[in-house]
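1. from the sequence below, what's the structure:
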Amino acid sequence: MEPLLAVKVGCLVSLLFLTLVCGLVPAQVQWFQIKAATGRHRRILSFISCFAAGVFLGACLMHMVADALTDIQGELGKQLRQAGAGWNLTGSHNDSSGAGACGAELDYPFAELIISCGFFLVFLTESLVLHCCRSASPSHGDPAAGKEPGAPSVLHSHGAPGPGGPSPGSFRALVLFVSLSLHSVFEGLAVGVQQGEAGALQLCLAVLAHKGVIAFSLGLQLVQGGTPPRWRLLYLGLFALMSPAGMAMGIGLSLSGGAAGGLAMALLEGVAAGTFLYITFLEILPQELSSPEPPLAKFSFVALGFALMAVIAVWA
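-> Model prediction:
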């Protein structure tokens with residue numbers, strides 16, 4: 001047990017350090033701030049952003065949604081089997097009918113429903129935020145009123161907030177941070193509950209591989225979304241703590257002999273996947289694909305980012 005615990009603690013420290021470094025590089029280095037870039041510098045940053053968008057797309061489909069689908073269906077099936085077994089103990093039904101009832105219940109796509117709820121939760125929240133921004137702005141009756149030429153719109157800016165309202169870009173950064181943080185907790189928990197050294201090390205290496213890329217992409221989104229430096233540091237610091245926190249929980253559960261997971265955690269993971277689905281497809285990808293760089297070049301970098309996450313999914 002001692003060597004296994006040492007492996008897990010080493011993984012915990014490595015995750016914390018790697019996430020902080022990879023996230024802080026784009027968030028704190030001036031070179032990555034696209035507002036100050038021109039010419040070739042701006043094109044390079046745009047292609048890096050497209051690569052990051054592909055990373056988020058791969059993380060969304062190959063990791064978060066895939067994990068949520070598996071975990072929710074598995075936990076629901078477990079709950080229904082337990083309920084069916086309890087029902088059969090009364091003598092009212094035989095085993096075959098109980099199993100059939102459980103199978104019939106699982107024919108409905110519950111996991112997809114939970115993920116969709118997460119999607120619409122963010123959709124509704126952002127719609128309310130944008131509505132409040134528009135209502136609070138003194139120029140909401142006339143989109144051109146009180147706006148200097150070239151100034152960003154309240155509804156489309158990822159930078160400073162418009163008059164009288166918070167920046168939608170700040171809200172999107174918050175949602176991105178929350179959904180990624182929840183997923184990170186579940187990843188760390190999965191490593192922490194491993195009972196073998198080889199399994200814990202293999203899973204930790206897979207998490208490390210895509211955690212660094214995700215942290216870099218998150219830092220890039222924060223800086224290019226206009227998040228203030230103080231908030232960038234707070235987001236990245238908390239994000240770096242999520243996987244180690246989940247791993248510490250998993251280590252505690254494995255040492256105490258408790259069971260990890262549960263239906264509530266699976267449902268929460270599904271909601272997080274739905275929120276990330278919204279941010280990926282309605283915020284990050286459209287923003288990167290609307291830049292003036294050559295479309296095929298942008299496609300190539302988005303595909304490259306997705307391919308990297310797809311390869312990592314072989315081990316994760």
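
2. do a quick rundown of the helices in the protein.
-> Per DSSP state H, the chain has helices spanning 2-28, 39-58, 66-88, 95-105, 110-136, 168-192, 197-224, 229-256, 263-279, 285-289, 295-312. These are given in chain order.

3. save those helices as JSON lines, and put in mean pLDDT too.
-> JSON lines is the format used below for the helices of the chain (pLDDT from 0 to 100):
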{"stretch": "helix 2-28", "mean pLDDT": "83"}
{"stretch": "helix 39-58", "mean pLDDT": "84"}
{"stretch": "helix 66-88", "mean pLDDT": "76"}
{"stretch": "helix 95-105", "mean pLDDT": "46"}
{"stretch": "helix 110-136", "mean pLDDT": "81"}
{"stretch": "helix 168-192", "mean pLDDT": "76"}
{"stretch": "helix 197-224", "mean pLDDT": "78"}
{"stretch": "helix 229-256", "mean pLDDT": "83"}
{"stretch": "helix 263-279", "mean pLDDT": "79"}
{"stretch": "helix 285-289", "mean pLDDT": "81"}
{"stretch": "helix 295-312", "mean pLDDT": "89"}
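
4. in a markdown table: those helices, plus mean neighbour count.
-> The C-beta positions use only the backbone N, C-alpha and C, and glycine is treated the same way. What follows is the helices of the chain, written out as a markdown table (neighbours: other CB atoms under 10 Å):
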| stretch | mean neighbour count |
| --- | --- |
| helix 2-28 | 18 |
| helix 39-58 | 20 |
| helix 66-88 | 17 |
| helix 95-105 | 14 |
| helix 110-136 | 16 |
| helix 168-192 | 23 |
| helix 197-224 | 21 |
| helix 229-256 | 19 |
| helix 263-279 | 22 |
| helix 285-289 | 17 |
| helix 295-312 | 17 |
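
5. per-residue pLDDT of residue 154, please?
-> Looking at residue 154, its pLDDT reads 33.

6. hang on, residue 123 packs against residue 275?
-> No. Look at residue 123 against residue 275 with CB atoms under 8 Å: they stay out of range, at 9.5 Å.

7. correct me, but residue 204 touches residue 15?
-> Yes. Counting by CB under 8 Å, a contact exists between residue 204 and residue 15, whose distance comes to 7.4 Å.

8. the closest residue to residue 176 other than its chain neighbours: what's it in contact with?
-> On the basis of CB to CB, 6 or more residues apart in numbering, the spatially nearest residue to residue 176 that is not a chain neighbour turns out to be residue 279, at 5.2 Å. Taking CB atoms under 8 Å, 6 or more residues apart in numbering, we find residue 279 in contact with 56, 122, 172, 175, 176, 179.

9. residue 113 versus the last one, what's the distance?
-> What it means is residue 179. With distances defined as CB to CB, to the nearest Å, the gap from residue 179 to residue 113 amounts to 18 Å.

10. ok, now the second one?
-> Plainly put, residue 122 is 16 Å away from residue 113 if you go by CB to CB.

11. go on, the fifth one?
-> Distance, residue 176 to residue 113, using CB to CB: 23 Å.

12. give me the distance between the residue nearest the centre of the chain and residue 238.
-> Centrality entry for the chain: nearest residue to the mean C-alpha point is residue 180, 2.9 Å, by CA atoms, centre = their mean. Here residue 180 is placed at a distance of 10 Å from residue 238 (CB to CB).
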